[in-house]
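S.K.: structure for the following, please:
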Amino acid sequence: MYNHILLASDGSEHAIRACQNAMILAENNPNATIMIVFVVDGAASKTDVIHHWNAMDLDHSRKEKLMITERKLKEKNIPYEIKILHGEPGPAIVKFANESNVDICVIGSRGLNSLQEMVLGSVSHKVAKRVECPVLIVK
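M.R.: Now for the predicted structure:
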């Protein structure tokens, strides 16, 4: 059984599908918790600051991307936490997963980054190669 489930999310359609799969893993396990990890990379952070110069607006903008995921977890009464990381998404997720002793990492095959969409989910690929637990990549 998977008790500590890491869900990497950026609010994309693939991330929402990954959430649904993480929920399936957690549904019949009373000890399961989902740790939602949202990574703010340098390029996105600069763009966010330009569009949302107020710190509260910036924080709200990031949380909006996770609203659907949060709503789904609340509806099913699945315990969760949100952790916002900073850095390059792939390495940041790997570092967090390996240091947090998670049982499984669930991630969408593609995210919001249009440049990385050209390569088969480069973030999910980096995570799958380097994380020390099983990885579920959701299409």
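
S.K.: low-confidence ranges, this protein, go.
M.R.: Within the chain, the segments meeting pLDDT under 70 span 42-62, 111-121.

S.K.: mind listing the strands for it?
M.R.: 4-8, 33-40, 80-86, 104-108, 135-138 (DSSP state E).

S.K.: so which of those is the most packed in?
M.R.: Most buried of the strands of the chain, by mean neighbour count (mean count of other Cβ atoms under 10 Å): strand 104-108, with a mean of 27. For glycine as for every other residue, the C-beta is placed from the backbone atoms N, C-alpha and C.

S.K.: residues making contact with that strand?
M.R.: 2, 5-10, 12-19, 21-22, 25, 93, 97, 121, 123-124, 127, 131, 133-139 (Cβ atoms under 8 Å, 6 or more residues apart in numbering).

S.K.: just stretch 125-134 next, same as before
M.R.: So stretch 125-134 is contacted by 6, 8, 90-91, 93-94, 97-98, 102-105, 107, 119, 135, 137 (Cβ under 8 Å, 6+ apart).

S.K.: again, but for stretch 70-86
M.R.: 7, 16, 19-20, 23, 26-27, 32-41, 45, 62-63, 66, 92-93, 96.

S.K.: surely residue 38 is in contact with residue 66?
M.R.: Yes. With contact defined as Cβ atoms under 8 Å, residue 38 reaches residue 66; the gap is 6.1 Å.

S.K.: mutual contacts of these two, please.
M.R.: Joint contacts of residue 38 and residue 66 (Cβ under 8 Å, 6+ apart) are 9, 11, 82.

S.K.: now these in CSV, with distance to residue 74?
M.R.: Formatted as CSV, those follow (distance: Cβ to Cβ, whole Å):
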residue, distance to residue 74
9, 15
11, 16
82, 12
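
S.K.: nice, that's everything, thank you.
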